[in-house]
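1. When you get a sec, could you give me coordinates for this:
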Amino acid sequence: MPRIRVIDLETAGNGPHDVCEIGWQDVVQDADGRWRVDEERGAVLINPGRPISPETMAVHHILDAEVADAPFWKDAAPAVLRPEGGVAALAAHRASFEQRYCTPALAGGAAWICTWKCALRLWPQLASFSNQMLRYQRMPQGLVHALGLPAHRALPDAYVTAHHLRDMLNEASLEQLLAWSAEPGLLPRVPTGPERGKAWGVLSAESLRALAQDRDPNIRFSAETELRRRGEAPAVEATEPAQRTLL
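-> Numbers count the residues shown, from 1 in each chain. Predicted coordinates:
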């Protein structure tokens, strides 16, 4: 039975080994081809090897005393990321964050689905695309409210994300979700600046070319996609050497 494991992490800060909790929720495909949220879920506290910052503690409320005797990340992660029987993919909302910690070595080189990027593609009419906003805008069928609380803890957040993923998989193929996840996010509207809130299709070519030079890769990609749709080549950035010269 094909399985995708949704992952959510809570951290002690922004360092490379700062995970203090991992939660997971499986989504499986039945014999009829439909995907469903499985009973397999869980969470493990992780010792981040340093004190949890007050800023992150204020988000997830995990205390240093709670993780003092917990396993370290490199010891706990493989069993969660590479369960017996394997996975068709791992998934997370804004998966680039989880991928910073769930390295290919720990995750066994698994492919990743980003439910944020896929939500942009499948439900562009929505006003916002955070995990919790998707929850209350969409009200996914079968989501038990209490199991999705408290927000900003690893298991409840993974549980909520899994319901979005289930619905995505029942609208588009696994291969399509993986392809979308491998690209920058295709934003339905301009997120910042003087054109904020406008659909890309109403912008002038001049505005699109300017946005195609933005520092944000999602904005660049979205502007370039609209230019290509119109048959106009995006602006080409000046080429740089593969390795910058050290000054």
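2. Please enumerate residues in contact with the lowest-mean-pLDDT helix or strand in the chain?
-> In the chain, the helix or strand scored least confidently by mean pLDDT, DSSP states H and E is helix 54-60, which has a mean of 94. Helix 54-60 is contacted by residues Glu10, Thr11, Ala12, Gly13, Cys20, Glu21, Leu63, His152, Arg153 when judged by Cβ atoms under 8 Å, 6 or more residues apart in numbering. Quick note: C-beta positions are derived from backbone N, CA and C, even for glycine.
3. Among those residues, name the buried ones.
-> Buried members of the contacts of helix 54-60, counted by 16 or more other Cβ atoms under 10 Å: Glu10, Thr11, Ala12, Cys20, Glu21, His152, Arg153.
4. which of the residues you listed lies closest to Leu203?
-> His152 (35.4 Å; Cβ to Cβ).
5. The closest one reaches Glu10, doesn't it?
-> Yes: using Cβ atoms under 8 Å, His152 makes contact with Glu10 at a distance of 7.2 Å.
6. Report the separation between the residue positioned nearest the centre of the chain and Pro188.
-> Geometric centre of the chain, nearest residue: Arg94, 2.2 Å, by Cα atoms, centre = their mean. Separation of Arg94 from Pro188 (Cβ to Cβ, to the nearest Å) stands at 16 Å.
7. Domain map for this structure?
-> Per the record, the chain has its domains at 3-181, 184-234, by automatic domain parsing.
8. Name the residues of the least confident helix or strand of the chain that come out as buried.
-> Thr56, Met57, His60.
9. what does stretch 134-149 give?
-> Those would be Leu134, Arg135, Pro140, Leu143, Gly148, for stretch 134-149 by 16+ other Cβ under 10 Å.
10. okay, that stretch in CSV with CA atoms only?
-> Extracted in CSV, the C-alpha atoms of stretch 134-149 (Å, rounded to 0.1, in the frame of the first residue of the first chain):
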residue,chain,number,x,y,z
LEU,A,134,-5.9,26.3,4.6
ARG,A,135,-7.4,24.4,7.4
TYR,A,136,-10.1,26.9,8.2
GLN,A,137,-10.6,28.1,4.6
ARG,A,138,-11.1,24.6,3.3
MET,A,139,-12.4,22.7,6.4
PRO,A,140,-11.1,19.3,5.2
GLN,A,141,-13.5,16.4,5.6
GLY,A,142,-12.7,14.1,8.5
LEU,A,143,-10.3,16.4,10.2
VAL,A,144,-10.9,15.9,13.9
HIS,A,145,-10.5,19.4,15.4
ALA,A,146,-8.9,18.3,18.7
LEU,A,147,-6.3,16.1,17.0
GLY,A,148,-5.1,19.2,15.1
LEU,A,149,-4.4,21.1,18.3
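11. in stretch 148-164, what's buried?
-> Buried residues in stretch 148-164, counted by 16+ other Cβ under 10 Å: 148, 152-164.
12. In JSON lines, list the residues you listed along with secondary structure.
-> Putting the buried residues of stretch 148-164 into JSON lines (DSSP: H, G, I helix; E, B strand; the rest coil) gives the following:
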{"residue": "Gly148", "secondary structure": "helix"}
{"residue": "His152", "secondary structure": "coil"}
{"residue": "Arg153", "secondary structure": "coil"}
{"residue": "Ala154", "secondary structure": "helix"}
{"residue": "Leu155", "secondary structure": "helix"}
{"residue": "Pro156", "secondary structure": "helix"}
{"residue": "Asp157", "secondary structure": "helix"}
{"residue": "Ala158", "secondary structure": "helix"}
{"residue": "Tyr159", "secondary structure": "helix"}
{"residue": "Val160", "secondary structure": "helix"}
{"residue": "Thr161", "secondary structure": "helix"}
{"residue": "Ala162", "secondary structure": "helix"}
{"residue": "His163", "secondary structure": "helix"}
{"residue": "His164", "secondary structure": "helix"}
